[in-house]
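Enquirer: My questions are about this predicted structure, shown below with the sequence.
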Amino acid sequence: MSSHNLDTLYRQVIMDHYKNPRNKGDLEEETLHVNMNNPTCGDRIQLQLKVEEEKIADARFVGEGCSISLSSASMMTEAVKGHTVEEALDMAQMFSQLMQGEEIDDTKYDLGDIEALQGVTKFPARIKCATLAWKAMEKGLVEEENHS
């Protein structure tokens, strides 16, 4: 597939997650809440995680922002559900490496649509948009681990 066709496909995947976000809304059960924002772009997110027996049983988000930040939140919540806390933190590290333009082992986890965001590396100002939800997840899970 040509680079132009791949860029077009990735753009379509990002816009699909933006227009039809997965896991958007509030969790009813007792959850871990993390609020974060990106003041340079105006993105705001509240991430909610339901962690049971060291696994992420559910993940949802509410917020507002650009297509990159909201698409990334949608993709992230899809990717981490069902994984252990340790795996989710590992996935966040992999995503950070991807956003820095580093090679990652994409066979370790099924990243789903997340790879569509790798084009963001061409726009350094947008990397914070893409990583906002991931940073929120890391912050929440690490704080939760430290309180356990």
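Expert: Cool, the structure landed.
Enquirer: give me every residue that touches Ser71.
Expert: Listed by Cβ atoms under 8 Å, 6 or more residues apart in numbering, the contact set of Ser71 reads Ile14, Met15, His17, Tyr18, Pro21, Leu117. (Glycine included, C-beta is placed from N, CA and C.)
Enquirer: Buried ones among these?
Expert: The neighbour count (16 or more other Cβ atoms under 10 Å) marks Ile14, His17, Tyr18, Pro21, Leu117 as buried among these.
Enquirer: can you put those in JSON lines and add distance to Ala92, pLDDT and secondary structure?
Expert: Converted to JSON lines, those look like this (distance: Cβ to Cβ, whole Å; pLDDT from 0 to 100; DSSP: H, G, I helix; E, B strand; the rest coil):
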{"residue": "Ile14", "distance to Ala92": "19", "pLDDT": "94", "secondary structure": "helix"}
{"residue": "His17", "distance to Ala92": "18", "pLDDT": "96", "secondary structure": "helix"}
{"residue": "Tyr18", "distance to Ala92": "21", "pLDDT": "95", "secondary structure": "helix"}
{"residue": "Pro21", "distance to Ala92": "19", "pLDDT": "96", "secondary structure": "coil"}
{"residue": "Leu117", "distance to Ala92": "13", "pLDDT": "94", "secondary structure": "helix"}
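Enquirer: so which of the residues you listed comes closest to Cys66?
Expert: The shortest approach to Cys66 among the buried ones among the contacts of Ser71 belongs to Tyr18, at 8.5 Å (Cβ to Cβ).
Enquirer: Ignoring the adjacent residues along the chain, who's closest to the closest one?
Expert: Ser67 (4.1 Å; Cβ to Cβ, 6 or more residues apart in numbering).
Enquirer: Can you give me the neighbour number for the one you found?
Expert: 15 (other Cβ atoms under 10 Å).
Enquirer: Met75 versus that one, what's the distance?
Expert: 12 Å (Cβ to Cβ, to the nearest Å).
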